[in-house]
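Test case, fold it:
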Amino acid sequence: MVKHSSRLISDFVNTRHLHLGEVVEEQLATPALLASWLRAEELLDEGARATEADVRRADELREAIRTLLLAHNELELDVEPASAALDQAADRGRVELRFDDGRARLVAVAPGVAGALGRIAIAVQASMADGSWERLKACRASDCQWVFEDTSKNGSRAWCSMRSCGNREKARAYRRRHTH
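Residues are numbered from 1 along each chain as shown. Have a look, this model is predicted:
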């Protein structure tokens, strides 16, 4: 069963986990790990292999999406390179518009990892279309950037967790204000 688009996006971006600015988990570091993760998400056929170039492209796509989600959290960022990376993933995945039973849908027709990454680009578009995109954010803490869904009523949540990142950021701001 394929995940909801916003869940797939957050799970993909969160394959790299930072804690206090250090990478503590990297689930896509090798071709074998990338292929395994994509298969587990039902984005890649059994037997399909990934290359080092695929790992670089997956990392580029992941960090492009993270940049766009940081921009949702009121950070001033240049999102043009991130948008270009999504375009490239869609191009390499050969994303096409298809009509089935009177309904339109996007499909990635490229085989292998290129098609799998194209399906992640499609998930971004689907999330934009269904309204869940604006609720996806990357934690404002520069040493975290974990992706979460902002479920607050007014959409103002800034950190993945108030207990960790929120408290740490508020303590830093307090120290800056009270340092002479």
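
quick one, helices of the protein?
5-13, 31-40, 52-71, 80-92, 112-130, 167-177 (DSSP state H).

Quick one: closest of these to Glu46.
Ranking the helices of the chain by proximity to Glu46 (C-beta to C-beta) places helix 31-40 first, at 6.6 Å. Quick note: C-beta positions are derived from backbone N, CA and C, even for glycine.

tell me which residues of the closest one are tucked away?
Pro31, Leu33, Leu34, Ala35, Trp37, Leu38, Arg39 (16 or more other C-beta atoms under 10 Å).

would you turn the residues you listed into JSON lines with distance to Ala110?
Shown next, in JSON lines, are the buried residues of helix 31-40 (distance: C-beta to C-beta, whole Å):
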{"residue": "Pro31", "distance to Ala110": "17"}
{"residue": "Leu33", "distance to Ala110": "21"}
{"residue": "Leu34", "distance to Ala110": "16"}
{"residue": "Ala35", "distance to Ala110": "15"}
{"residue": "Trp37", "distance to Ala110": "18"}
{"residue": "Leu38", "distance to Ala110": "13"}
{"residue": "Arg39", "distance to Ala110": "16"}
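
nearest to Gln125, of those residues?
Leu38 (18.5 Å).

Need the pLDDT of the closest residue to the closest one other than its chain neighbours.
Once flanking residues are discounted, Leu38 sits nearest to Leu44: 3.7 Å by C-beta to C-beta, 6 or more residues apart in numbering. We have a pLDDT of 97 for Leu44.

Could you double-check that Leu44 lies in contact with Val113?
Yes. At 6.6 Å, Leu44 counts as touching Val113 under the criterion of C-beta atoms under 8 Å.

any residues in contact with both of those two?
When contacts are counted by C-beta atoms under 8 Å, 6 or more residues apart in numbering, Leu44 and Val113 have Ala35, Leu38 as shared neighbours.
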